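In: kindly generate the corresponding structure for this input.
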Amino acid sequence: MTRRTQGQHGGRVAGRRPATSGGSGTPAGGAAQAVPGDSAEAPPVEAPAELGEERPAGDVLQENLLDRLLYKGVLPRYAFPTDVATFYVFDPANSRRGLPAFRFTPSQGLAVALSQYAPGKEVWIANKRYASGALFSPLKGERSRAWQQKQLYYECRNCRYARTQSVAEGHRGEKLDCPACGARDAFGEARYWIRPPGFAHPVGWDEDTSPDDQPARSYATRAKLEAPAPREDAAWSAVTSRVRRHYMRDKLLVTNSGPRNEGYTYCTTCGRIEPSAIPGGELGGAHRKPFPDDRDSMCPGGRVAKGICLGMDFITDILLLSLRVDHPVRLAPGFLPTEIALRTLAEALAASACDVLGLEPGEVQADFRAALTEAGQNGYEAEVYLYDTLPGGAGFARLAGERAQEVFRCALNTLGSCDCDVSCYKCLRSFKNKFEHDRLDRHMAADLLRYLLDETRPVVDAARASRAVTALAEDLRRQAGEALTVECAATIEVPTVGPVTVPILVSGPAGQQRAICITHPLTATTPSDAGLEALGEFTSVPLDPVHEIKVRRSLPWVTRGVLTSLGIAGG
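Out: Sure, this is the predicted structure:
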């Protein structure tokens, strides 16, 4: 059973309707329009935030049938684009109480809008810069319903596995043990999570906000799979001895947790919203309403929720791939080499699925997670999932699964045939993954893929190992000066084995020695050379395996650790 930790108690709401309507509007620069909106409600029926009691949500049987059928994928959502969010720029001169008019109403898919229209973001329309600072919908009661249907959002700070659940099943501030990686008290703290009905530039804000006033950027997560994998072996189909596949239709989750992951501060009375990371925000007391209201332009405040997340969920076609490894290979959750290898593999498989199926790039995307099993927590099983980006799914993920061998071989060819160092726009990089370019390494992913397909153990590339040895040896000499003797390619006689070449042999002033070898990041604690493995067992010289990525990215930290182990303070 998942262990729970008591946190801050929030109010509870029963039930949830998966809201699908995000509003729509004319393109930027379109004609002004006048429609009734939330501003016509007097007063809104949102619950008091933070400490107040909250009204229960409506009965699920009262949900809009069309919305439910579209959400579940019974009706083709490509014909009914419901996952849309609009950014509203009001026209105060032509607005009147209960009937706001708009100068601009550009729209985006909600998954994109969660980043591009996020509170605090700049939105350029007709050569003018606007800022997102409110949640708004012209549909009466839509914003109120979005708040009433809020859920609790949990995300693991170690492996980033995430899920939502009803506020009746937990409480705000709650911490759990992560069901994916098993990290203790890492799943949470739980926060309110709402699906925004739309975004707006508050009335009265300058159209040309200074860039200096903008908060830190925030972006939505990739689509996260929260559903568990099937436990029955019959539900899986073998791709190789180490790869299994399973097709499913299930829910994916996209969330924006705000700048610095601190969430957003939201006035449930009027809809004003701002990043919680802003010091001294405006929503602590009375503030101006974000929409035109010629009768009373001020909101009294007092009903403010802090640290909330904005997000959406959607059902689509998913191909779940289980990747199983054995010692010495490990895919430990939260470990940087694991993240790099699986992120790169997911990108390569998604691109290859589009190539093999003849699709446009981006029609199939992918992500990864630790398997929700004991093997997953121990680093011996991970999951990559490919999914259709078309709302409701179009069957592409299923087709990719039927041609899994072809997709895997195509990915391996892409990873192995490029001439770049780690990644480039010819092989892996794209605008969509621009924030993850430092997590792409085609060599690591290719090594993992060869292991999964052909049982070829990952071995660090000779050129990379040589560069790492040279960099570490030079840094040790520079930091220790005359206090250390650093030899490269030193030979040590090992009983029962014979002469063994040690990449780096460090000798201290008192005659103490340490041997250092460079390992593959996926076999970080195990040298690929049997002689080096025997060194620590049959001699008095300790062996320190250091994986190549650690040297490349954290050289000062590695050097400091070696000096400390020899009783020398580095510079």
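
In: state the mean pLDDT of the helix or strand that contains residue 318.
Out: Counting by DSSP states H and E, the element that carries residue 318 is strand 304-324. The pLDDT scores in strand 304-324 average 95.

In: buried ones in the next helix or strand after it?
Out: Tracing the chain past strand 304-324, the next element assigned as helix or strand by DSSP H and E is helix 336-357. Neighbour counts using 16 or more other CB atoms under 10 Å place 337-357 of helix 336-357 among the buried residues. C-beta here means a position set from N, CA and C on the backbone, and glycine is covered the same way.

In: and what of stretch 188-207?
Out: Using 16+ other CB under 10 Å as the test for burial, stretch 188-207 gives 188-203, 205.

In: which residue is the nearest non-sequential neighbour of the residue nearest to the spatial centre of the chain?
Out: For the chain, the residue nearest the mean C-alpha position is residue 221 (4.0 Å; CA atoms, centre = their mean). Counting by CB to CB, 6 or more residues apart in numbering, residue 221 lies nearest to residue 255, which is 5.1 Å off, once chain neighbours are set aside.

In: measure how buried the one you found is and give me the count.
Out: By other CB atoms under 10 Å, 22 other residues sit near residue 255.

In: give me the domain ranges for this structure.
Out: Domain assignment for the chain, taken from automatic domain parsing, gives 27-149+196-217+257-307, 152-194, 325-454, 462-565.

In: distance to residue 247 added to those domains, as CSV?
Out: What follows is those, written out as CSV (distance: least, CB to CB, whole Å):
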stretch, distance to residue 247
domain 27-149+196-217+257-307, 14
domain 152-194, 21
domain 325-454, 5
domain 462-565, 28
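
In: beta partners for residue 163?
Out: residue 154 (DSSP bridges).

In: for the closest residue to residue 317 other than its chain neighbours, list the residues it contacts.
Out: Spatially, and ignoring its direct neighbours in sequence, residue 317 is nearest to residue 393 (3.4 Å; CB to CB, 6+ apart). Residue 393 is in contact with 73, 249, 315-317, 387, counting by CB atoms under 8 Å, 6 or more residues apart in numbering.

In: neighbour-wise, give me the winner out of those residues.
Out: Among these, the one with the most neighbours (other CB under 10 Å) is residue 387, at 26 neighbours.

In: re the thing from before, for the residue nearest to the centre of the chain, give me its contacts.
Out: Residue 221 makes contact with 160, 162, 253-257, according to CB under 8 Å, 6+ apart.

In: filter these down to the buried ones, PyMOL style.
Out: To isolate the buried members of the contacts of residue 221 in PyMOL, using 16+ other CB under 10 Å:
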select buried, resi 160+162+253+254+255+256+257
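
In: okay, now the nearest residue to residue 338 once chain neighbours are set aside: neighbour count?
Out: The shortest distance from residue 338 to any non-neighbouring residue, by CB to CB, 6+ apart, is to residue 331 (4.7 Å). Counted with other CB under 10 Å, the neighbours of residue 331 add up to 26.

In: repeat that for residue 560.
Out: Residues contacting residue 560 under the criterion other CB under 10 Å number 17.

In: tell me which element it is part of?
Out: Using DSSP H and E, residue 560 falls in helix 555-565.

In: enumerate the positions of that helix that are buried.
Out: 555, 558-560, 562-563.

In: okay, helices next: where are they in the stretch 451-571 of the chain?
Out: 462-480, 530-538, 548-553, 555-565 (DSSP state H, counting those that start in this stretch).

In: just the CA trace of the shortest one, in CSV.
Out: I take that to be helix 548-553. What follows is helix 548-553, C-alpha atoms only, in CSV (Å, rounded to 0.1, in the frame of the first residue of the first chain):
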residue,chain,number,x,y,z
GLU,A,548,32.0,9.3,-18.8
ILE,A,549,29.1,11.7,-18.4
LYS,A,550,30.2,12.6,-14.9
VAL,A,551,33.6,13.6,-16.1
ARG,A,552,32.2,15.5,-19.1
ARG,A,553,29.6,17.4,-17.1
